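*Asks:* can you look at this prediction? I've put the sequence above it.
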Amino acid sequence: MITDLEITYGTSLAPAGFRKISLQDGGQAELNRGLAEVPIFLWYTHNDSKLPISEVKLLLDDEVCPEGFEKISRNVLKGSGTAYFCIRRQSVPDELVVSNLAILYSDEHIGKWYMSIVC
C-alpha cells in the first residue's frame with residue numbers, strides 16, 4: 001500500500017525510503033518526457049504510520065484540490081506548465097487503496113487493475 005508520493009527534478013533523489021517509478025522494461029519513467037530539458041520523476045513509499053493512498057488526481061493550472069485531498073507540493077510540469085498531484089487517504093477500513101503505480105506513454109496500454117490519470 002502506497003502512503004506517500006514525491007516529485008524530483010533531474011538527478012535529485014527523493015527522501016530515504018522512497019522508490020522511483022520505472023517503466024515496465026526497467027527504464028526511467030520521466031513524467032515530462034519530451035517536454036523539457038530537466039527530467040521529472042515520481043517516487044512512492046510505504047509508511048506504516050500513515051494511512052494508505054486511496055485516490056490520486058492530477059490538477060492543472062489553478063485547479064484546487066477537492067475536499068479531503070492533500071496536495072503534493074512539487075510541480076509535475078516544472079518549466080512546461082503547472083500541474084500537481086493531489087492524494088486522498090483511505091477513509092474507511094475496506095476502501096480500496098493504491099498498491100502500485102505505473103507511468104505509461106501514449107502508445108502503451110494500462111492493465112485492468114490500474115486507474116488511469118491522463119496528463
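*Replies:* Looks like it came in fine. Residues are numbered from 1 along each chain as shown.

*Asks:* just how off-centre is stretch 68-75 within its chain?
*Replies:* Here stretch 68-75 shows a centroid-to-chain-centroid distance of 10 Å under the convention C-alpha atoms, centre = their mean, to the nearest Å.

*Asks:* try stretch 90-108
*Replies:* Taking C-alpha atoms, centre = their mean, one finds stretch 90-108 lying 9 Å from the centre of the chain it belongs to.

*Asks:* try stretch 28-43
*Replies:* In this view, stretch 28-43 has its centroid 12 Å away from the chain centroid, taken as C-alpha atoms, centre = their mean.

*Asks:* what are the buried residues along that stretch?
*Replies:* Judged by neighbour count using 16 or more other C-beta atoms under 10 Å, the buried positions of stretch 28-43 are 29-32, 35-36, 39-43. Heads up, the C-betas are built off the backbone N, CA and C, glycines and all.

*Asks:* restricted to helices, list those.
*Replies:* Among the buried residues of stretch 28-43, no member falls in helices (criterion: DSSP state H).

*Asks:* hmm, which two among those are most spread apart?
*Replies:* Looking at the buried residues of stretch 28-43 by C-beta to C-beta, the two members farthest from one another are 35 and 43, with 19.1 Å of separation.

*Asks:* how about the strands in this protein?
*Replies:* 4-9, 19-20, 40-45, 53-60, 69-71, 83-89 (DSSP state E).
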